[in-house]
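1. Just need the structure, nothing else, for what follows:
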Amino acid sequence: MTSDAPVDARTGLSAARFGLYVHFPFCLSKCPYCDFASVAATEIPQERYTDALVAELEARLGSVPRGTVVDSVFIGGGTPSLWRPALAARFLEAVARRRPLAPACELTLEANPGAADAQRFGDYRAAGLNRLSIGVQSFEARTLKVLGRSHDGPSARRAADAAHRAGFDNLSLDFIYGVPGQTVEEVEADARSAVALGPTHLSAYALTLDRASLADDVPLAKALGRGDLTLLPDEVVLEMQRTVAGVYGEAGLARYEVSNYARPGLHSRHNALYWTSGEYLAVGVGATGTLVEGVRRRRYTNLRSPEAYLKAIEAHVSPEASHEDLSELELFEERVAMGLRLTTGVALEAVCRDFGQPFEPRAAVVLQLVARGLAVWQGERLALTQAGFDVHSAICARLM
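-> Predicted structure coming up:
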């Protein structure tokens, strides 16, 4: 199973060019590190929410040309594997009736490793979904406890096996490292257990807790602010990242983005859309989309409260909480920052030209980065080295 999406000339990576993000905000419990638009709910208004998603889809497609082909659909959350498969199928059918799906359209669902979720995998495959992303995070009991996860290592392994048996030959597993109390040896064990499950894609994210988010409902961030929690030293987290990259690389999953690894041709084309400035429509609670309207590129974010979102849709009122027209400078900065997260890099001089930014003042910075071993030229593209990835934010700041 390989991608036939076009290779983006600015990044050397095939990516969806028009995608759809669908947010399912409901969970059985809220993870203590999560700052996404999600809510714990004992009863989920499944039919009502599906109707609202279809209604928002219909309204938003009015600004999308009728011939536009949908290259990718990503259903995230929350816990999308709580969505009844028949309703997910109904929504996907609604999409296909309104806009054509590409022959190799990537249709992803995020899932939890719990037994109830795994029982649905066959039904999701029958509904037309062809890619599954399971949030394992770790196989180690103590790490899962810190992260507030309800599953255990054996259930995660069973979920991956269930995904394969259901026909998901494009399977992604997500992990978190840098968790307080976690050791490099435990991270390596997680990585080796992960590749043994035969995934086509792996994501490994360092745990980040922003002290500025203390006003939000993120319990681990609050614990950090109170001093009840101590993050691991940066050098240990970097060692964990390099350990993960080594194990995954040995197993044939190459790093193609700072936190993502894949077998050849099986990287996430939907996520690549974000990294290469593609256009994407988004529906659902808290969803953020970016649409091209004439010469403008407009970004919007929906209401984060499920009830407020539902009431707005049912009253035929826009569910947006905010929107903005992005300036050329903002688009340039975003394209450079996202492009430099990719191992294939970004065609910096061409991107400068695209967004009306001078290349010459940045050329001297680039020469310094290359001389210090933080970046290399790959044809026309500037790409960061491993050492450069470690200071990605600082490099981007110098190029802005």
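
2. Isn't Y280 up against R297?
-> No - under the contact definition of C-beta atoms under 8 Å, Y280 does not touch R297, with a separation of 11.3 Å. C-beta: built from backbone N, CA, C; applies to glycine.

3. residues shared between the contacts of those two?
-> Taking C-beta atoms under 8 Å, 6 or more residues apart in numbering as the criterion, Y280 and R297 both touch 290-291.

4. residues near the closest residue to G339 other than its chain neighbours, how many?
-> Nearest non-adjacent residue to G339, counting by C-beta to C-beta, 6 or more residues apart in numbering: V346, 2.8 Å away. Using other C-beta atoms under 10 Å, V346 is surrounded by 27 other residues.

5. gap between V346 and L382?
-> 6 Å (C-beta to C-beta, to the nearest Å).

6. Can I get the longest strand anywhere in the chain as CSV, trimmed to CA atoms?
-> Selection of the longest strand in the chain by residue count, based on DSSP state E, yields strand 101-111. What follows is strand 101-111 as a C-alpha-only set of coordinates in CSV (Å, rounded to 0.1, in the frame of the first residue of the first chain):
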residue,chain,number,x,y,z
LEU,A,101,-12.7,11.2,-2.8
ALA,A,102,-9.3,10.5,-4.4
PRO,A,103,-8.8,6.9,-5.5
ALA,A,104,-6.1,6.5,-2.8
CYS,A,105,-7.8,8.7,-0.2
GLU,A,106,-6.2,8.2,3.2
LEU,A,107,-9.0,7.7,5.8
THR,A,108,-7.7,7.6,9.3
LEU,A,109,-9.3,7.0,12.7
GLU,A,110,-7.6,7.6,16.0
ALA,A,111,-8.4,4.8,18.5
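
7. before we move on, the earlier item: the residue nearest to G339 touches A337, doesn't it?
-> No - taking contacts as C-beta under 8 Å, V346 lies outside contact range of A337: 9.2 Å.

8. Buried residues of the strand or helix carrying L367, list them for me.
-> Assigned by DSSP states H and E, L367 belongs to helix 360-371. Buried residues in helix 360-371, counted by 16 or more other C-beta atoms under 10 Å: 362, 366, 369.

9. picking that back up, so which elements touch the longest strand of the chain?
-> Applying 3 or more C-beta pairs under 8 Å, 6 or more residues apart in numbering; DSSP states H and E, one finds that strand 101-111 makes contact with strand 70-77, helix 85-98, helix 121-126, strand 131-137, helix 269-275.

10. Can you pull the residues that touch both of V346 and L382?
-> In contact with both V346 and L382: L340, using C-beta under 8 Å, 6+ apart.

11. E235 - how many residues pack around it?
-> Using other C-beta under 10 Å, E235 is surrounded by 8 other residues.

12. and it, which of the three is it?
-> Under DSSP: H, G, I helix; E, B strand; the rest coil, E235 falls in the helix class.

13. And it, what's its pLDDT?
-> Per-residue pLDDT puts E235 at 94.

14. And Y177, by the same measure?
-> Looking at Y177, its pLDDT is 97.

15. Which residues are in contact with it?
-> Neighbouring residues of Y177 by C-beta under 8 Å, 6+ apart: 187, 190, 204-207, 237, 240-241, 244.

16. Show me the contact partners of the helix holding L367.
-> Contacts of helix 360-371 (C-beta under 8 Å, 6+ apart): 348, 352, 375-377, 382, 388, 395, 398-399.

17. At the geometric centre of the chain, which residue do we find?
-> With the centre of the chain defined as its mean C-alpha position, the nearest residue by C-alpha atoms, centre = their mean is N271, 5.7 Å away.

18. is it true that that residue touches V258?
-> No - shown here, N271 and V258 do not form a contact pair, counting by C-beta under 8 Å, at 11.5 Å.

19. buried ones in stretch 179-198?
-> 179-180, 182, 184, 186-191, 193-195, 197.

20. low-confidence ranges in the chain?
-> Within the chain, the ranges that satisfy pLDDT under 70 run 1-12, 30-35, 115, 209-228, 294-295.

21. Could you spell out which stretches of it belong to which domain?
-> Structural domains assigned to the chain are 7-275, 328-400, following automatic domain parsing.

22. Looking at those, which is nearest to R304?
-> When the domains of the chain are compared by C-beta to C-beta, domain 7-275 sits nearest R304, at 4.4 Å.
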